[in-house]
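Colleague: I would like the atomic coordinates for the input below:
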Amino acid sequence: MLGQFRYSYFCGLLLSCLLIPAATADELPTEITVATWNLEWFYDHETADNLTPLSRAQSAPSEEEWHWKRDRVAEVIAKMKPTILALQEVENRRVLRELTRQLQSQHQLNYRIAFVEGWDTYTEQDVAILYQGGLVQYSRHEQSRDMYESKAFYNVSKHLVGHFRWQAGDQTEELTLVNVHFRAGERGEPYRKRQAKLIRHWITPQLKQGSNVIVLGDLNSDENCQQPNADCEVGLLCGRSQKGNLPLTDLHHHLPAANQATHMIGKQFDRVLVSPSLKQDDDTKRDLLFDSIRCAKDLVVRGEKADTDHRDIYYKIPQQERDISDHYPLIVRFKTK
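Modeller: Numbering: from 1, shown residues only. So this is what the prediction gives:
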């Protein structure tokens, strides 16, 4: 489906967006499943368009190995069957097209792609959204010059904003979804905090209107959800230290304590944060309401035990023992009430 790019300013930000033409909004399903998954270097074997040594080194070493990775990822998605899937660490639109073709041909699942190339010139990683319907617009935002000069914010090189709309009788139900991948590592912490402040700035107008908002993805935060911190990336996104009643809820608290790690090293890097409207039922209309969350480690770990550190040896591990990714998907279900 072809769309139309346009550029405008929103909340002091340069906005580049793709409008999705549709005659009518899709009908609101009785259940919507939203998932997020960092695929860990979802790169094919074609390295001619990789500009950095790192991206070339992390690419699949052969067509056979690339097909193994692509097919295993498709199998996991087919088991999850998400309505909306936020992906991190993807190479480009080409690998996404291959993935959606595999989902269609081998699993009879039809997904469309939302993708805008980002600005990570070190890893060349990007994020994307796969969706079955409902999307009306997707975009990337950039901070204004004044915001940049203030040093309060830091651009999120890997992010994508999707706006969804469904028809619910004579009303519509809308959702803004922000897929992010923040800076990694200990040295990245001050940058992650400024990135979190920027995302929070972007979503504040929607929160003030009482809109449905989900921020999800790989936050690379060291925070344990059992010990919430107002000044960490998750706390800043949730608005824990802000005055006013505009909080996001970290759904990690709904996971069993033994199943909260989303990365092989035991960290809770991946999160799903939701606005109050998605936790409170509106009796006047059919609306989305949070139902459950699951960390699907079982779909990713292969062989007798989980890998502990495989970045530099990933494709040297026998296929039957190799985990599909170092991250585990988070799967969230919303019912329409």
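Colleague: every contact and neighbour count from this point should use C-alpha atoms.
Modeller: Fine.
Colleague: which helix or strand contains His67?
Modeller: Taking DSSP states H and E as the criterion, the element that holds His67 is helix 63-80.
Colleague: chain center to that helix: distance?
Modeller: A distance of 18 Å separates the C-alpha centroid of helix 63-80 from that of its chain, computed with C-alpha atoms, centre = their mean, to the nearest Å.
Colleague: from Cys232, how far off is the closest residue to Phe153 other than its chain neighbours?
Modeller: Counting by C-alpha to C-alpha, 6 or more residues apart in numbering, Phe153 lies nearest to Arg194, which is 4.4 Å off, once chain neighbours are set aside. When distance is defined by C-alpha to C-alpha, to the nearest Å, Arg194 is 10 Å away from Cys232.
Colleague: next: Ser277.
Modeller: Spatial separation of Ser277 from Cys232 under the definition C-alpha to C-alpha is 24 Å.
Colleague: which residue ranges of the stretch 201-337 of the chain form helices?
Modeller: For the stretch 201-337 of the chain, the helices identified by DSSP state H, counting those that start in this stretch occupy 233-238, in order along the chain.
Colleague: next: the stretch 1-150 of the chain.
Modeller: In order along the chain, the stretch 1-150 of the chain carries the following helices (DSSP H, counting those that start in this stretch): 53-57, 63-80, 93-107, 145-150.
Colleague: mean confidence for the last one?
Modeller: Pointing back at helix 145-150 there. pLDDT averaged over helix 145-150 equals 88, rounded to a whole number.
Colleague: ditto for stretch 282-294
Modeller: Mean pLDDT, computed over stretch 282-294, is 92.
Colleague: quick one: contacts of it?
Modeller: Contacts made with stretch 282-294 from outside it, assessed by C-alpha atoms under 8 Å, 6 or more residues apart in numbering, are listed as 168, 171, 173, 251-252, 254-255, 277-281, 330-337.
Colleague: start and end of it, how far apart?
Modeller: End-to-end distance of stretch 282-294: 25 Å, with C-alpha to C-alpha as the criterion.
Colleague: and what of stretch 303-315?
Modeller: Start-to-end span of stretch 303-315 (C-alpha to C-alpha) is 15 Å.
Colleague: which intervals of the stretch 1-150 of the chain have sub-threshold pLDDT?
Modeller: 1-17, 19-24 (pLDDT under 70).
Colleague: at 50 what do you get?
Modeller: With pLDDT under 50 as the threshold, the stretch 1-150 of the chain has low-confidence stretches at 1-14.
Colleague: tell me who's in contact with Arg183.
Modeller: Contact criterion C-alpha under 8 Å, 6+ apart gives Glu189, Tyr191, Arg192, Leu219, Asn220 as the residues in contact with Arg183.
Colleague: just Pro29 next, same as before
Modeller: Residues near Pro29 by C-alpha under 8 Å, 6+ apart: Thr336.
Colleague: apply 10 Å and report the result again.
Modeller: For Pro29, the contacting residues are Thr83, Gly134, Trp166, Gln167, Ala168, Leu288, Phe334, Lys335, Thr336, by C-alpha atoms under 10 Å, 6 or more residues apart in numbering.
Colleague: likewise for Asp126?
Modeller: By C-alpha under 10 Å, 6+ apart, Asp126 lies in contact with 41-42, 87-93, 115-120, 157-160, 180-181.
Colleague: what does Leu39 give?
Modeller: Contacts for Leu39 were tallied using C-alpha under 10 Å, 6+ apart; they are 69-70, 73, 87-90, 127, 300, 324-329.
Colleague: quick check: it vs Gly133, distance?
Modeller: As it turns out, when the distance is counted by C-alpha to C-alpha, Leu39 lies 22 Å from Gly133.
Colleague: now do Leu198
Modeller: 28 Å.
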